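>>> Would you be able to build a 3D model of this:
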Amino acid sequence: MTVEGINVVKKHMKPNQAYPQGGIIDITKPIWVSKVAVIDPTSKKPTRIGYKLDQDGNKTRVYKASGKEIK
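Take a look at the predicted model:
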């Protein structure tokens, strides 16, 4: 997973077709999905996600902090 503006690294490039000048370019590298949090709309804070099974056996995602279902 890549997140824009996060885990940006600089890479030294030789001149080639894509970069005729060469030089130092910024590349966004992927990060682990476990390092990314979802913002809970009720508390406006990052929270983890859990799963809950209902009586029919359907799995739904819920916010760990508030326990509310994610829609």
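
>>> CA only for contacts and neighbour counts going forward, please
Noted.

>>> In terms of helices and strands, where is P15?
Using DSSP states H and E, P15 sits within no helix or strand.

>>> Please name the residues that touch it.
Counting by C-alpha atoms under 8 Å, 6 or more residues apart in numbering, P15 makes contact with Q21, G22, G23.

>>> how close does N58 get to K35?
26 Å (C-alpha to C-alpha, to the nearest Å).

>>> Could you export the contacts of P15 as JSON lines, including neighbour count?
Below are the contacts of P15 laid out as JSON lines (neighbours: other C-alpha atoms under 10 Å):
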{"residue": "Q21", "neighbour count": "11"}
{"residue": "G22", "neighbour count": "13"}
{"residue": "G23", "neighbour count": "12"}
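
>>> correct me, but I39 touches I49?
No. Counting by C-alpha atoms under 8 Å, I39 sits too far from I49 to count as a contact (10.0 Å).

>>> Looking only at neighbour counts, state which of the two leads.
I49 (17 against 14; other C-alpha atoms under 10 Å).

>>> Phi first, then psi, for the closest residue in space to that one that isn't next to it in sequence.
Closest residue to I49 apart from its sequence neighbours, by C-alpha to C-alpha, 6 or more residues apart in numbering: Y63 at 4.9 Å. Here is the backbone geometry of Y63 (degrees, to the nearest 10): phi -70, psi 130.

>>> what's the pLDDT at Y63?
In this model, Y63 is scored at 95, pLDDT.

>>> Repeat that for G22.
At G22, pLDDT is 92.

>>> Please apply the same query to I49.
At I49, pLDDT is 91.

>>> what do you get for A18?
A18 carries a pLDDT value of 88.

>>> Also K45?
What the model reports as pLDDT for K45 is 94.

>>> next one: the helix or strand containing R61 to chain centre, how far?
Per DSSP H and E: R61 is located in strand 59-63. For strand 59-63, the distance from its own C-alpha centre to the chain's C-alpha centre is 18 Å (C-alpha atoms, centre = their mean, to the nearest Å).
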